[in-house]
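Asker: Generate coordinates for the sequence data below:
(one chain, ligands or ions: 2)
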Amino acid sequence: MTAPELPRFTFHPDPIRSGSVATSDAECRCCGERRGYVYTGPVYSAEDDLDDALCPWCIADGSANREFDATFVDSAALGNDVPESTVAEITERTPGYNAWQAEQWPSCCNDATEFVGPVGIAEIRKDYRPFETSVLNHIIYDMGISGGAALRKLESLHRDTGATAFLFQCPRCGGHKVYVDEP
Ligand SMILES: [Zn+2]
Ligand SMILES: [Zn+2]
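Answerer: Ligands and ions are numbered 1, 2, ... in the order given. The predicted structure follows:
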């Protein structure tokens, strides 16, 4: 079976790699179809039981948002400089991601960045080398940890058990945005 190509999410280009969409034979609660994938990130809705229950297509076309009045990213995660159309696209029609605490969605060049994924030091060294300096700078300058403690924090990053680094990239200037969150 060839899996169908996922819809394109401007601000979350690879939700399979980031872990927010997983292969699944579950039936989508919105369209009732088994599309081979399910969204595994947070769902903010008065409706229960939407966890691991929506297909990415129903998120992309806005039907899950309309059907359940559901959002997938907390609007408080976005900066004040982000245009309203982007806020709507990210909160209503983009897969979110599981943070440890309240999620953040950094902006750059007066708009939102793309979510790359949650990573530990193993993933940074293997697949995201260019982000390593940005992560260390975030630990030093934003978290206020210096010297050996900053390096120990960097080395302790872990994708699944935390502290975890969440990587974002600006599609306009290519700049890296990072934040580190802990259980
Ligand atoms: Zn669906
Ligand atoms: Zn930028």
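
Asker: for stretch 12-20, which positions count as buried?
Answerer: In terms of neighbour count (16 or more other C-beta atoms under 10 Å), stretch 12-20 has its buried residues at 12, 15, 18, 19, 20. Placement of C-beta: from N, CA and C, glycine included.

Asker: got the residues of this protein near ligand 1?
Answerer: Residues of the chain lying close to ligand 1 (C-beta under 5 Å from the ion) are 28, 30, 31, 55, 58.

Asker: Which member of those residues is positioned nearest ligand 2?
Answerer: Using C-beta to the ion, residue 58 comes nearest to ligand 2 of the residues of the chain next to ligand 1, at 30.5 Å.

Asker: show me what contacts that closest one?
Answerer: By C-beta atoms under 8 Å, 6 or more residues apart in numbering, the contact set of residue 58 is 28, 30, 31, 64, 67.

Asker: residues near the last one, how many?
Answerer: If you count neighbours by other C-beta atoms under 10 Å, residue 67 ends up with 16.

Asker: Then it would be within a helix, right?
Answerer: Yes - assigned with DSSP: H, G, I helix; E, B strand; the rest coil, residue 67 falls within a helix.

Asker: Contact partners for the closest residue to it other than its chain neighbours?
Answerer: Leaving aside its chain neighbours, residue 67 sits nearest to residue 30 (5.2 Å; criterion: C-beta to C-beta, 6 or more residues apart in numbering). Residues in contact with residue 30 (C-beta under 8 Å, 6+ apart) are 54, 55, 58, 63, 64, 67, 68.

Asker: In helices, which of the residues of the chain next to ligand 1 fall?
Answerer: residue 58 (DSSP state H).

Asker: where do the strands sit along this protein?
Answerer: Along the chain, the segments classed as strands by DSSP state E run 21-23, 37-39, 107-108, 111-112, 114-119, 164-169, 176-181.
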